[in-house]
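Peer 1: Provided below are the primary sequence and the corresponding predicted coordinates.
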Amino acid sequence: MSAAASSTSPENPAPPRVLLTHHLRQLKLPTILREYEKVAQEAARDGQDHVRYLLRLVELELIDRERRMVERRIRALSRIFLAGRLGLLSPDWGRRNSGMIDFKVSHSEREVILWGVRWYVAYPMSYRQLEEMMEERGVEVDHSTLNRWVAKYAPLLEKEFRARKRAVGSSWRVDETYVKVKGCWKYLYRAVDKAGATVDFLLTAKRDCKAALRFLRKAIGQHGEPKKITIDKSGANTAAIESYNEEREADIEIRRIKYLNNIVEQDHRAVKRVTRPTLGFKSFRSAAATLSGIELMHMIRKGQMRTTNEMRPAQQFYSLAA
């Protein structure tokens, strides 16, 4: 694909100049950074394809000392091009962030951070497995750094998603599932509507009326009061709904029909599938942050994000930081 034919669109993405600059900075090659724009202009003028454009950097006489390392990393980027992986990115890929999420304090590029966070919350893998995958694609980052990225940016992205979330139905199914934190079981309250759309979620240390009422207030604060709530035989959930009705003079109907709650119990699987490789979380804060990212990606896949045009789930995820 020629540079003249390139345009900023999902089918024809822009060159990953931000990624390339990130790798060159890691190599501490200021001379290459100075020559970078010159080479980019020559490649655009000559109409060369992306692979040849990237490999021209290897031909510069200024990087003989690090020639092999640079060549390996650049070829990894070229394989990403040819595999079409960057075609998943939104048209805003590579642009500087002007939104509320601040990436300035991080030493890595914004796009690299989003790349790592999305992979971890979208697929069942450990941080060490993700570290290997990133290294194969030319990005050297430690697994502990990936952990910090997820803990910091997943809640911020989920918060941004709430402003763009679609409305849910007025008939809810509420249930809780178990998550292991520091060797002890904690409780993840979750609710979906009758169509399967996620209403809300909340990780709590206990399974009692107080925790259930806190989850109910959070869900209603986002979506308003439902007409019906279907639950299992949990006394805590019953007491929480009755307490809310009495406190707000509401008239939420409580239903205990077992088969109607199958939809939320089946929905738990999508979350448990991603958390299984972790073998438990090390802290409550880390668990809450990671689960917010997993739930975020699950809701995006279910089409719960308002968008102006058709976008793939990965594009929707990246657009939250645009």
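Peer 2: Right, received. Where do you want to start? Please read all numbers here as calculations on a predicted model, not as lab measurements.
Peer 1: all contacts plus neighbour counts: C-alpha atoms, from now on.
Peer 2: Noted.
Peer 1: Report the contact partners of A250.
Peer 2: Y244 (Cα atoms under 8 Å, 6 or more residues apart in numbering).
Peer 1: What distance do you get for it to E225?
Peer 2: Distance of A250 to E225, computed by Cα to Cα, to the nearest Å: 8 Å.
Peer 1: ditto for G183
Peer 2: G183 is 36 Å from E225, by Cα to Cα.
Peer 1: Which residue of those two possesses the greater neighbour count?
Peer 2: With neighbours defined as other Cα atoms under 10 Å, G183 and E225 compare such that E225 has more, 17 against 12.
Peer 1: Show the contacting residues for that one.
Peer 2: Here E225 is in contact with S170, I252 (criterion: Cα under 8 Å, 6+ apart).
Peer 1: Regarding it, what is its secondary structure?
Peer 2: coil (DSSP: H, G, I helix; E, B strand; the rest coil).
Peer 1: got it, and G196?
Peer 2: Under three-state DSSP, the three-state class of G196 is coil.
Peer 1: tell me which element the nearest residue to it once chain neighbours are set aside is part of?
Peer 2: In space, and not counting its chain neighbours, G196 is closest to I263: 6.6 Å by Cα to Cα, 6 or more residues apart in numbering. Secondary structure assigned from DSSP states H and E places I263 in helix 262-275.
Peer 1: low-confidence ranges in the stretch 151-300 of the chain?
Peer 2: By pLDDT under 70, the stretch 151-300 of the chain has no low-scoring segment.
Peer 1: can you give me the strands for it?
Peer 2: 171-181, 184-193, 198-204, 228-230, 253-255 (DSSP state E, counting those that start in this stretch).
Peer 1: Output those strands as a markdown table; include the columns mean neighbour count and distance to Q304.
Peer 2: Putting the strands of the stretch 151-300 of the chain into a markdown table (neighbours: other Cα atoms under 10 Å; distance: least, Cα to Cα, whole Å) gives the following:
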| stretch | mean neighbour count | distance to Q304 |
| --- | --- | --- |
| strand 171-181 | 21 | 16 |
| strand 184-193 | 21 | 12 |
| strand 198-204 | 22 | 8 |
| strand 228-230 | 22 | 20 |
| strand 253-255 | 16 | 25 |
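Peer 1: For the ones you listed, give me a markdown table that also has distance to D267.
Peer 2: Shown next, in a markdown table, are these (distance: least, Cα to Cα, whole Å):
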| stretch | distance to D267 |
| --- | --- |
| strand 171-181 | 10 |
| strand 184-193 | 8 |
| strand 198-204 | 9 |
| strand 228-230 | 15 |
| strand 253-255 | 19 |
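Peer 1: T275 is nearest to which of those?
Peer 2: strand 171-181 (8.5 Å; Cα to Cα).
Peer 1: angle of the closest one against strand 198-204?
Peer 2: Going by axes from the mean of the first three to the mean of the last three Cα atoms, to 10 degrees, strand 171-181 is angled at 30 degrees with respect to strand 198-204.
Peer 1: Apart from its neighbours in sequence, what residue is nearest V181?
Peer 2: The shortest distance from V181 to any non-neighbouring residue, by Cα to Cα, 6+ apart, is to F281 (4.7 Å).
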